[in-house]
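> Below is the sequence, then the predicted model.
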Amino acid sequence: MFKEGENFRFSFILSNFSEDYVRFSPSFIDDDFFMVYRLEDLGNYIPISKPYHNIFCEFSLNQFLISPKGEFRFEIPWSPEENFCCPPFCKTSNNLPLPVGIYKTSINQTIEFTIEEKVIFLNYDHLIEFEIF
């Protein structure tokens, strides 16, 4: 729950609990990544916006590397923050604070990891519902 007018951040963390380097493909990040939907009176969710315009605009990578026992964090605020930037996102959206309501965002993707030349596919399905009051 967030108060009306309050800014918040989206965060998605991939953690490596192994002793090996782990590579992952960013191909799971599509146009729906961190998209916010608002619940309407009829029970339907309509798309509102996402917190970024583009991702990977300054560079192109086929894979990211996570150190042993390390993590890779995708984090970005809903509305831009002066002292916080958010690689690998290259431009935040100029979103206004969300009005009172019920919202959701989700990630429903397959993430490809490589550990010592072995490829592993993880089906990730996570829904976050939140309220602005």
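Arrived safely, thanks for sending.
> What pLDDT is listed against the residue of the chain most remote from its centre?
Distance from the C-alpha centroid of the chain, by CA atoms, centre = their mean, peaks at L42 (27.3 Å). Listed pLDDT for L42 reads 87.
> Same check on I48?
I48 carries a pLDDT value of 96.
> hang on, F121 packs against T110?
Yes: at 5.4 Å, F121 counts as touching T110 under the criterion of CB atoms under 8 Å. For every residue, glycine as well, the C-beta is placed using N, CA and C.
> what phi and what psi does the backbone show at the residue most central in space within the chain?
With distances taken as CA atoms, centre = their mean, F34 lies nearest the centre of the chain, 4.6 Å away. Backbone torsions of F34, given as degrees, to the nearest 10, read phi 60, psi 20.
> wait, it sits on P51?
Yes: counting by CB under 8 Å, F34 sits close enough to P51 to count as a contact (5.7 Å).
> Mutual contacts of these two, please.
Taking CB atoms under 8 Å, 6 or more residues apart in numbering as the criterion, F34 and P51 both touch F10, I76.
> Just grab the bridge partners of the nearest residue to Q63 once chain neighbours are set aside for me.
Closest residue in space to Q63, ignoring its immediate chain neighbours: R23 at 4.4 Å, by CB to CB, 6 or more residues apart in numbering. With DSSP bridges applied, R23 shows beta-bridge pairing to L65, T114.
> send the alpha carbons of stretch 21-41 over as PDB?
Output of stretch 21-41 as PDB, limited to C-alpha atoms (Å, rounded to 0.1, in the frame of the first residue of the first chain):
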ATOM      1  CA  TYR A  21      29.500 -17.300 -12.300                       C
ATOM      2  CA  VAL A  22      26.000 -17.300 -13.800                       C
ATOM      3  CA  ARG A  23      25.100 -15.700 -17.100                       C
ATOM      4  CA  PHE A  24      21.600 -14.700 -18.000                       C
ATOM      5  CA  SER A  25      19.900 -13.500 -21.100                       C
ATOM      6  CA  PRO A  26      17.900 -10.200 -20.800                       C
ATOM      7  CA  SER A  27      15.500 -11.500 -23.500                       C
ATOM      8  CA  PHE A  28      12.800 -11.900 -20.800                       C
ATOM      9  CA  ILE A  29      12.500  -8.100 -20.600                       C
ATOM     10  CA  ASP A  30       9.700  -7.200 -23.000                       C
ATOM     11  CA  ASP A  31       7.400  -4.300 -23.500                       C
ATOM     12  CA  ASP A  32       5.300  -5.500 -20.600                       C
ATOM     13  CA  PHE A  33       8.100  -5.600 -18.000                       C
ATOM     14  CA  PHE A  34       7.000  -3.500 -15.000                       C
ATOM     15  CA  MET A  35       3.900  -2.400 -16.800                       C
ATOM     16  CA  VAL A  36       1.200  -1.100 -14.400                       C
ATOM     17  CA  TYR A  37      -2.400  -1.900 -14.800                       C
ATOM     18  CA  ARG A  38      -5.300  -0.200 -13.000                       C
ATOM     19  CA  LEU A  39      -8.400  -2.100 -11.800                       C
ATOM     20  CA  GLU A  40     -11.500  -0.500 -13.400                       C
ATOM     21  CA  ASP A  41     -15.100  -0.600 -12.000                       C
END
